[in-house]
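Everything below, folded, please.
(one chain, ligands or ions: 1)
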Amino acid sequence: MDINLSGKRALITGAGKGIGREIAVVLTECGAEVVALSRTQADLDSLRAEIACQTIRADLTNADDARRAAEEASEIDLLVNNAGISILQPFLETTVEVFDEVLAVNVRAVLIISQVIARGMIARGDGGAIVNLSSTASSVALRDHTSYCTSKGALDQLTRIMALELGPHQIRVNSINPTVTLTPMGEMAWGDPAKSRPMLARIPLERFAKPRQVAEAVAYLLSDHADMIHGAILPVDGGFWIT
Ligand code: NAP
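Below is the predicted model:
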């Protein structure tokens, strides 16, 4: 089964590093025309040199910048809401500033960008596909992850609402929920073996995810092979959620 996305234009947020960058590479390999959105210009420059994509620099903590960037992306068939941040604080020390920042990137920007892109899809009448990058953290409690777990729980609900209301327009919306994935974010949160050992022990496959494994699941959900998959919250977690 080959995944062929040729003729499709795909917007990926947070494409500068980690999972988003791998998604940009995989979707390019599948023939899609990639529009990469991220915050650090140097990351976008090196990605453009690697895969010849269009790039848009934006800071998704800012609602106006998120809207401007989505409008700049223009006509999009496939959207991957991947950009996300995690700032670790114990519950009692979680600040309003950090809570607001994490929710702004991980949830509010998804709402804003998806509204702009979905309106365009509806106006063109050709449907489309959206994948939101959530996490297994959406439905388990992780120490020091108050803002992050809250944001991903909210994102799963946003995915369901989007699927409900965009489905009649033939816009499929799904979520990918990885376990710890070996990216800059994964290293930051789980790089300490004292933290990673107990987490690994809860994963039946006894390994963390690689960005490529997450990116290939995203490509599948965006493709016509997943034409009847809609509103799914799909773990890419080595079985973590069943434990
Ligand atoms: P990462 O390595 O930290 O990369 C995140 C990318 O998003 C970076 O290019 C970053 O750009 C960009 N980004 C962050 N905030 C932004 C903002 N305000 N505006 C524009 N771009 C922004 O993260 P990752 O591990 O690849 O995670 C990608 C997604 O997967 C996230 O939604 C994350 O929650 C989810 N996830 C990750 C893991 C994991 O263990 N890694 C597990 C489950 C789910 P800058 O570096 O320039 O800020």
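
what about residue 160, neighbour count?
A count of neighbours around residue 160, defined by other C-beta atoms under 10 Å, yields 15. Every residue, glycine included, has its C-beta placed from N, CA and C.

for residue 243, same thing?
Residue 243 has 11 nearby residues by other C-beta under 10 Å.

Quick check: closest non-adjacent residue to it.
Distances taken as C-beta to C-beta, 6 or more residues apart in numbering put residue 202 closest to residue 243, at 5.0 Å, once the chain neighbours are dropped.

where's that neighbour relative to the ligand, distance?
14 Å (C-beta to the nearest ligand atom, to the nearest Å).

Give me the pLDDT for that residue.
Note on residue 202: pLDDT of 96.

Ok, the one 10 residues further on next?
Taken from the predicted model, the pLDDT recorded for residue 212 is 97.

What helix or strand is it located in?
helix 211-222 (DSSP states H and E).

ok, and what's touching that helix?
3, 5, 8, 10, 18-19, 21-23, 25-27, 30, 78, 80, 129, 131, 133, 172, 174, 176, 178, 181-183, 226, 229, 232, 234, 236 (C-beta atoms under 8 Å, 6 or more residues apart in numbering).

Now it - C-alpha only, CSV.
Output of helix 211-222 as CSV, limited to C-alpha atoms (Å, rounded to 0.1, in the frame of the first residue of the first chain):
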residue,chain,number,x,y,z
PRO,A,211,9.4,10.7,15.0
ARG,A,212,9.2,8.6,11.8
GLN,A,213,6.7,6.2,13.4
VAL,A,214,4.4,9.1,14.4
ALA,A,215,4.8,10.9,11.0
GLU,A,216,3.9,7.7,9.0
ALA,A,217,0.7,7.4,11.1
VAL,A,218,-0.1,11.0,10.3
ALA,A,219,0.4,10.4,6.6
TYR,A,220,-1.9,7.4,6.7
LEU,A,221,-4.7,9.4,8.4
LEU,A,222,-4.3,12.2,5.8
